[in-house]
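Participant: Starting from these lines, generate the structure:
(2 chains)
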Amino acid sequence: MSKVKVITDSSADIPEQLQKELEISVIPLKVHMDGKSYGVELQAEDFYQRLKQASQLPTTSQSSPHELCEEYREAARMGAKQIFSIHISSMMSGTYQSALIAKDMVKEEGIEVTVFDSKSVSYGLGMLVVAVARAAQEGKSIEECQKIAEKVRDHTELFFLVDTLEYLQKGGRIGKASALFGSLLNIKPILSISREGEVFPIDKVRGKNKAIGRLFELMQQKVPSGSPVSVGIMHADNLIEGEKLLKKVEELYDVREKVITTVGPVVGTHAGPKTVAIVLIPLKD
Amino acid sequence: MTQQQINATLFLNMMQAGAQNLNRRVEEVNALNVFPVPDGDTGTNMNLTLSSGVAEMEKHATANTVGELAGALSKGLLMGARGNSGVILSQLFRGFAKAIDHKEEINAIQLADAFQRGVETAYKAVIKPVEGTILTVAREAAEAGMRRSWYAESPAAILEIILNEARRSLARTPELLPVLKQAGVVDAGGQGLIYVYEGMFQALTGEIKIDEKPTNKQEEMDSLASKAHHANAQSKIDPAQIEYGYCTEFMIQLHTDRRPTEKFEETAFRQAMTQFGDSLLVVADDELVKVHIHAEYPGDAMNYAMKYGDLTRIKIENMREQYANVTEGHDYTLSAGTEKEVPAEIEHKRYALIAVAAGTGIAEVFRSMGVDVVIEGGQTMNPSTEDIVKAMEQISADHVFILPNNKNIILTAEQVDELVEPTVTVIPTKTIPQGLAALLSFNSEQEPEENKKQMIAGYQAVRSGECTYAVRDSNIGGIDIEAGDFLGIQDGKIEVVGKEMLDTVRELLRKMNADEADVVTVFYGKDVTKAQVEEFQSKLEAEFPEAEWEWHDGGQPLYYFLFSVE
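Facilitator: Numbering: from 1, shown residues only, chains lettered A, B, ... in the order given. Now for the predicted structure:
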């Protein structure tokens, strides 16, 4: 019996250990910084260090259809009969589009690829990929994998706090949060990703502590406290804050599974350093 | 000789005398303000309100009936109302005017009745009437007048009873309002009202003659439409893109006997006028309708308006030509005023936000948070209803939220709704920090009702502090205050009095629980130096290190510091 091969991109921020364990292949999105382009080889710590000295803000670019084709072919060579390719929200990147093109290109070669728009990013995407990869390891069919992906996508709650809106704004990924930019008062928006896959502000408050307090209030409106959950914490060079968030989540919920991960260079370019995020999926008992 | 009837001329004289008497006593009334903060402006506000009413009457100086003058008074008051006491005064005399608006002359009983009707109108206008204020004085005086009206022999006798009872009532105000008693004063608004009544009485009994004043200053209603409109931001637009080329202004005199006319209904009229153009402004009262519109065919608009009455004060300007003049560097001057005519397209939005604020820095912060128009005003100068109506000319929206940011501007702002087309919601913010907090809770994606709820909840969660100085000696809540002392005010209440500004501020912040706050935002005023700001910044941040501090150059007058603690 041949297993479904799961492929994603580097915006998923899945910890390396987990990637290896679940045999997930990761296609790089590119980060361009000070005249050079980087793929997966650029480590997060290194990136945030350089960001402090960078003369210009870095930019990113989508994976090309060619790179995706190569990855699909490689997977087929390794014996995969079915490939499930899950990517960053199509509202944020053209990678999903590239994957659709690549899928058509390899189809003539007899390689079957299912491309899936996660409508999320970072570990919001990562958590979905991990769930599908587990199912694949258990030998679930491509149809079952697709169902799981849809279910996770529709039940994931993601909230994030940026230190400044500057990065979202400069990178053009601000979506409906744009109205907040330009305020002379220091406003902390609580951001989320809509079901359509776009960044939007749920609320805005003054001050970091109030922002965190409000984030948890909003989260409990979506997922009642005490519920069994799987949680992912993301932080951009801000482990201390990330651990505080995790502790708070563990106080509030029955945490069955937890992952704490670093926001990689791709997402870090757009969210900025010190960003923290929580992704939560309620588990039915 | 005692008059049995008050005719038009006498009525005008009475109101002029009332206004003049108040005008002479403005400073005295201002000084009665309970708080010794440098913003005592009850007298100023009442004076400006009543002057606006009387000025409108003077435009109709040749009127033959009391009723015609009453209508003018009512309209002038509505437009000029500012400050709490001013708004209440305007309502008192609007109710008064309404009671006599079809009379040629009025006798003693009708006079007493008019005062009574005024009181009823004013009580209705105020959501939570407070006893021991101008309202009580007006009510008790009017009631005394009513009790005696059936056997009073002349209007003068009635007015004398009213005046005397008003004085007694004023003397009782400290018994009703503890804050007055503590400060050792009577109510300022009530005192202002008595000065008005005194003037009226003197004119009625012939004790004084009215100062001759030029009666032809018929620009006010006119300027309401034109000036505000033309004070718009100067956006560069191509004359070829002007859709409606003629700035058209005229007034309709509603009750012409010359020919039959249709009954005027304001909402329907406004709706109908939109077919002729944009930038429409309609200001109406019972007699007169002021219309301002940018139309491509001004004749059509005027023909339509003719259905309701005769037209007067017609002014039509070709805006394409004017625009060309402006761009060629000619100083184009309007016939009515001195401001330049630059037509601007106003984008229509679902929501618009208006805030009242003093200080350029604070105004900037409001604008950066999405406020469309910031009206200059606040403690030192309360804007009038008309000022806010004018500000509305710069925007086009279905719903307008107004943030008064001062307790004396809330009532004025609430008058606006009946004068303009969009739905107006006043969020009753009393301070700048409250206004900003309300703004933060505004969400353009939400329904108006939900926004109102959120904004109210938002501003209630913030604590406001102010630091200013005392203008006179007084005693508030058992604390002795000397002129020149620094005052720390929390949410409108004087909490700290000190000789040193830094100590006063420090103590105020302690009372506001700044040590437990997440964010403290400071706006420093125009009367503090850079060195002072730096000193305060390092010392206060060290004393309250848990909070996130933000410092802004507010540029506000009189108030050295404003604090928002949340």
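
Participant: helix, strand or coil for the residue lying closest to A:Leu51 once chain neighbours are set aside?
Facilitator: Nearest non-adjacent residue to A:Leu51, counting by Cβ to Cβ, 6 or more residues apart in numbering or on different chains: A:Pro273, 6.2 Å away. For glycine as for every other residue, the C-beta is placed from the backbone atoms N, C-alpha and C. Under DSSP: H, G, I helix; E, B strand; the rest coil, the three-state class of A:Pro273 is coil.

Participant: For the closest residue to B:Arg258 other than its chain neighbours, give me its contacts.
Facilitator: Spatial nearest neighbour of B:Arg258, excluding adjacent residues (Cβ to Cβ, 6+ apart): B:Asp310 at 7.0 Å. Under the criterion of Cβ atoms under 8 Å, 6 or more residues apart in numbering or on different chains, the neighbours of B:Asp310 are B:Ile252, B:Gln253, B:Thr256, B:Arg258.

Participant: Ok, B:Leu540 next?
Facilitator: Contacts of B:Leu540 were listed using Cβ under 8 Å, 6+ apart, and they are B:Val505, B:Arg506, B:Leu509, B:Val520, B:Val522, B:Trp549.

Participant: SS state for B:Pro174?
Facilitator: Put simply, B:Pro174 is helix when judged by three-state DSSP.

Participant: if we can go back for a sec, buried subset of the contacts of B:Asp310?
Facilitator: Neighbour-count burial (16 or more other Cβ atoms under 10 Å in any protein chain shown) is assigned, among the contacts of B:Asp310, to B:Ile252.

Participant: got the contacts of B:Asp310 as JSON lines, with pLDDT, secondary structure and distance to B:Thr62 columns?
Facilitator: Formatted as JSON lines, the contacts of B:Asp310 follow (pLDDT from 0 to 100; DSSP: H, G, I helix; E, B strand; the rest coil; distance: Cβ to Cβ, whole Å):
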{"residue": "B:Ile252", "pLDDT": "86", "secondary structure": "strand", "distance to B:Thr62": "20"}
{"residue": "B:Gln253", "pLDDT": "83", "secondary structure": "strand", "distance to B:Thr62": "14"}
{"residue": "B:Thr256", "pLDDT": "73", "secondary structure": "coil", "distance to B:Thr62": "17"}
{"residue": "B:Arg258", "pLDDT": "76", "secondary structure": "coil", "distance to B:Thr62": "18"}
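
Participant: could I get the contacts of B:Asp310 as CSV with distance to B:Glu68?
Facilitator: As requested, the contacts of B:Asp310 are arranged in CSV below (distance: Cβ to Cβ, whole Å):
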residue, distance to B:Glu68
B:Ile252, 16
B:Gln253, 11
B:Thr256, 14
B:Arg258, 17
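
Participant: and A:Ser225, helix, strand or coil?
Facilitator: Following three-state DSSP, A:Ser225 is assigned to coil.

Participant: what packs against the host helix or strand of B:Asn164?
Facilitator: Using DSSP states H and E, the element containing B:Asn164 is helix B:155-176. Packed against helix B:155-176 by the contact rule (3 or more Cβ pairs under 8 Å, 6 or more residues apart in numbering or on different chains; DSSP states H and E) you find helix B:108-125, helix B:134-149, helix B:178-183, helix B:188-204.

Participant: mind checking how far it is from the chain centre?
Facilitator: Relative to its chain's centre, helix B:155-176 lies at 27 Å (Cα atoms, centre = their mean, to the nearest Å).

Participant: Tell me the predicted confidence for B:Lys452.
Facilitator: B:Lys452 carries a pLDDT score of 96 in this model.

Participant: ok, whatever residue of the stretch 301-450 of chain B ends up closest to chain A - how many residues close by?
Facilitator: Nearest residue of the stretch 301-450 of chain B to chain A, counting by Cβ to the nearest Cβ: B:Ser368, 4.1 Å away. Around B:Ser368 there are 14 other residues, counting by other Cβ atoms under 10 Å in any protein chain shown.

Participant: what residues are up against the residue nearest to it when sequence neighbours are not counted?
Facilitator: Excluding its sequence neighbours, the residue lying closest to B:Ser368 (Cβ to Cβ, 6+ apart) is A:Leu184, at 4.1 Å. Applying Cβ under 8 Å, 6+ apart to A:Leu184 gives the contacts B:Glu364, B:Val365, B:Ser368, B:Met369, B:His552.

Participant: so the third one makes contact with A:Asn186?
Facilitator: No - in terms of Cβ atoms under 8 Å, B:Ser368 does not count as a neighbour of A:Asn186; the distance is 11.4 Å.

Participant: From B:Lys493, how far out is the residue in the stretch 51-200 of chain A that chain B sits nearest to?
Facilitator: In the stretch 51-200 of chain A, no residue comes nearer to chain B than A:Leu184, which is 4.1 Å away by Cβ to the nearest Cβ. Taking Cβ to Cβ, to the nearest Å as the measure, A:Leu184 falls 28 Å from B:Lys493.

Participant: May I have the residues that are in contact with the residue in chain A that chain B sits nearest to?
Facilitator: Residue nearest to chain B within chain A: A:Gly207 (3.7 Å; Cβ to the nearest Cβ). For A:Gly207, the contact set (Cβ under 8 Å, 6+ apart) comprises A:Asn186, A:Lys188, B:Asp518, B:Val519, B:Ala547, B:Glu548, B:Glu566.

Participant: and with 7 Å instead?
Facilitator: Residues near A:Gly207 by Cβ atoms under 7 Å, 6 or more residues apart in numbering or on different chains: A:Lys188, B:Asp518, B:Val519, B:Glu548.

Participant: where do the strands sit along chain A?
Facilitator: Assigned by DSSP state E, the strands in chain A fall at A:4-9, A:25-27, A:30-33, A:36-38, A:59-61, A:82-87, A:112-117, A:157-161, A:187-193, A:199-206, A:228-235, A:254-262, A:276-282.

Participant: For the second one, which strands pair with it and how are they oriented?
Facilitator: Paired strands of strand A:25-27, with direction, are strand A:4-9 (parallel) (DSSP bridges).

Participant: next one: the longest one
Facilitator: Looking at strand A:254-262 with DSSP bridges, its partner strands are strand A:228-235 (parallel).

Participant: Run through who's touching the partner strand.
Facilitator: Strand A:228-235 is contacted from outside by A:13, A:122-123, A:126-127, A:223, A:241-242, A:245-246, A:249, A:253-263, A:276-283, A:285, using Cβ under 7 Å, 6+ apart.

Participant: In PyMOL, how would I select just the buried ones from those residues?
Facilitator: Of those, the buried ones go into a single PyMOL selection, burial set by 16+ other Cβ under 10 Å:
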select buried, chain A and resi 13+122+123+126+127+223+241+242+245+246+249+253+255+259+260+261+262+263+276+277+278+279+280+281+282
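
Participant: Off-centre distance for the worst-scoring helix or strand of chain A on mean pLDDT?
Facilitator: One helix or strand of chain A scores below all others by mean pLDDT, DSSP states H and E: helix A:166-170, with a mean of 79. What separates the centre of helix A:166-170 from the centre of its chain is 18 Å, taken as Cα atoms, centre = their mean.

Participant: That one: which residues count as buried?
Facilitator: Neighbour count says helix A:166-170 has A:Tyr167, A:Leu168, A:Gln169, A:Lys170 buried, by 16+ other Cβ under 10 Å.

Participant: cool, stretch B:162-170 as well?
Facilitator: Judged by neighbour count (16+ other Cβ under 10 Å), stretch B:162-170 contains these buried residues: B:Ile162, B:Leu163, B:Glu165, B:Ala166, B:Arg167, B:Ser169, B:Leu170.

Participant: near chain B, which residues of the stretch 151-285 of chain A show up?
Facilitator: Selection of the stretch 151-285 of chain A residues close to chain B by Cβ under 7 Å from any Cβ of the partner chain yields A:179, A:182-187, A:204, A:206-210.
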